[in-house]
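Colleague: Need a 3D model of the following:
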Amino acid sequence: MRFIPILRNSDRIRVFLVSATMILGALGSAHAASLPQIVHARQEHFRMLGRTAKSLRDQFGRRRLNWAAIGSDAQALDRLASELPSWFPPGSGQGHGVKTRARAVIWTNPQAFAQAAHMLLFRAQGLTRAAAHHDRRALMLNARALGHACGSCHSRFRAHSGWW
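Modeller: Sure thing, here's the model as predicted:
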């Protein structure tokens, strides 16, 4: 009988990230890629970030935590958080013929954006450490702190939509 691996969500995420990295690498620098491609890739990255965070939150509702899945999700969040600043190259904001909810302050005050991105990374790293130590309490606290870091960034750097 042949072994056919079944990919968990975290493995699918890893495959997607590797594929996306290869695609973006093939596109070259932000100048070589068109603005719609940059914005679309950024939106896909945020969708991946959201799906990974949801996958992690879904684990919290279980009686027995799946530490392997939690560790994989935490590492994926850590990796995505470290890449986040690169998703906003200069000139990829509103007013360039592409629909995006990124506020201009990302580019006009890059220090504030870098600080917010660093806080997200710091919180994601805490989550990864808690997952590695199988510390349920620290995991919950770090997940909440990560959510606050996400919300803080959204309130400062993302334009609100009509439904939000």
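Colleague: Nearest residue to the residue nearest the centre of the chain in space, please, no chain neighbours.
Modeller: Central residue check for the chain by Cα atoms, centre = their mean: the C-alpha nearest the mean position is that of Leu49, 3.3 Å away. Beyond its immediate neighbours in the sequence, the residue positioned closest to Leu49 (Cβ to Cβ, 6 or more residues apart in numbering) is Leu80, lying 4.9 Å away. Where you see a C-beta, it was placed from the backbone N, CA and C, and this is true even at glycine.
Colleague: residues contacting the one you found?
Modeller: Applying Cβ atoms under 8 Å, 6 or more residues apart in numbering, we find Leu80 in contact with Leu17, His45, Met48, Leu49, Thr52, Ala124.
Colleague: In strands, which of those appear?
Modeller: Filtering those for membership in strands, criterion DSSP state E, returns an empty set.
Colleague: Most neighbours among those, please name it.
Modeller: Within the contacts of Leu80, most neighbours by other Cβ atoms under 10 Å means Ala124, with 27 neighbours.
Colleague: Distance-wise, check that one relative to Ser34.
Modeller: Distance of Ala124 to Ser34, given as Cβ to Cβ, to the nearest Å: 30 Å.
Colleague: next one: Ala132
Modeller: According to Cβ to Cβ, Ala132 stands 40 Å off from Ser34.
Colleague: Now do the same for stretch 69-84: mean pLDDT, whole number.
Modeller: When pLDDT is averaged along stretch 69-84, the result is 96.
Colleague: can you give me how far that stretch is from the chain middle?
Modeller: Computed by Cα atoms, centre = their mean, to the nearest Å, the chain-centroid distance of stretch 69-84 equals 7 Å.
Colleague: CA atoms only: put that stretch into PDB for me.
Modeller: Taking Å, rounded to 0.1, in the frame of the first residue of the first chain, the C-alpha atoms of stretch 69-84 are listed here in PDB:
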ATOM      1  CA  ALA A  69      -0.900  22.200  14.900                       C
ATOM      2  CA  ILE A  70      -0.600  25.000  17.400                       C
ATOM      3  CA  GLY A  71       3.200  25.100  17.000                       C
ATOM      4  CA  SER A  72       2.900  25.100  13.200                       C
ATOM      5  CA  ASP A  73       0.300  27.900  13.200                       C
ATOM      6  CA  ALA A  74       2.400  29.900  15.700                       C
ATOM      7  CA  GLN A  75       5.500  29.600  13.500                       C
ATOM      8  CA  ALA A  76       3.500  30.500  10.400                       C
ATOM      9  CA  LEU A  77       2.200  33.600  12.200                       C
ATOM     10  CA  ASP A  78       5.700  34.500  13.300                       C
ATOM     11  CA  ARG A  79       7.000  34.100   9.700                       C
ATOM     12  CA  LEU A  80       4.100  36.200   8.300                       C
ATOM     13  CA  ALA A  81       4.600  38.900  10.900                       C
ATOM     14  CA  SER A  82       8.300  39.100  10.000                       C
ATOM     15  CA  GLU A  83       7.500  39.600   6.400                       C
ATOM     16  CA  LEU A  84       4.700  42.100   6.900                       C
END
